[in-house]
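J.: Predicted model follows, preceded by the sequence.
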Amino acid sequence: MDFIPEPDFRPNDHRYRVQTWQEVEILRERPKKLFKIVGEIIIRNTEDLTWEEYEPRLKKDMFQRKIDGVWMTEKNQTMIDNVSVQTMDQRGRTTNSYLQQSNLPYWKGYAFRYK
């Protein structure tokens with residue numbers, strides 16, 4: 001999970017009112033209240049977990065950074081570099097080969113604080 005802060009991001013905000021990590025909002029659409037984007041979130045699913053398993057981790061991380069919520073905007077997949085393994089006999093002929101091609105799912109969103 002990566003957090004890329006905006007240049008004017010401040011880790012301490014005196015207006016922060018969230019009391020527990022469960023109160024951090026994860027939204028699939030634009031927040032209804034006025035807000036300010038404080039950074040970008042990128043979650044790469046390297047552990048093959050579901051979104052429901054990542055959500056508490058994201059909320060706890062945002063709570064530690066004093067961020068009110070995350071507006072999730074994108075779910076996609078990216079191609080990972082191929083892995084190719086070949087074995088040869090003494091004459092140099094291929095006896096076995098293996099090619100792995102994988103896609104890595106990822107989610108993107110914007111961390112925000114309410115104004």
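T.: Yep, it's here.
J.: that's a strand at residue 60, yeah?
T.: No: when classified by DSSP: H, G, I helix; E, B strand; the rest coil, residue 60 is found to be helix rather than part of a strand.
J.: For it, which non-adjacent residue is spatially closest?
T.: For residue 60, the nearest residue in space outside its immediate sequence neighbours is residue 21; the separation is 4.6 Å by Cβ to Cβ, 6 or more residues apart in numbering. Heads up, the C-betas are built off the backbone N, CA and C, glycines and all.
J.: Residue 24 now?
T.: Leaving aside its chain neighbours, residue 24 sits nearest to residue 59 (4.3 Å; criterion: Cβ to Cβ, 6+ apart).
J.: quick revisit: for the residue nearest to residue 60, which residues are in contact?
T.: 56, 59-60, 62-63 (Cβ atoms under 8 Å, 6 or more residues apart in numbering).
J.: Reformat these as a markdown table; add pLDDT.
T.: Rendered in a markdown table, the data for the contacts of residue 21 read as follows (pLDDT from 0 to 100):
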| residue | pLDDT |
| --- | --- |
| 56 | 94 |
| 59 | 95 |
| 60 | 95 |
| 62 | 93 |
| 63 | 94 |
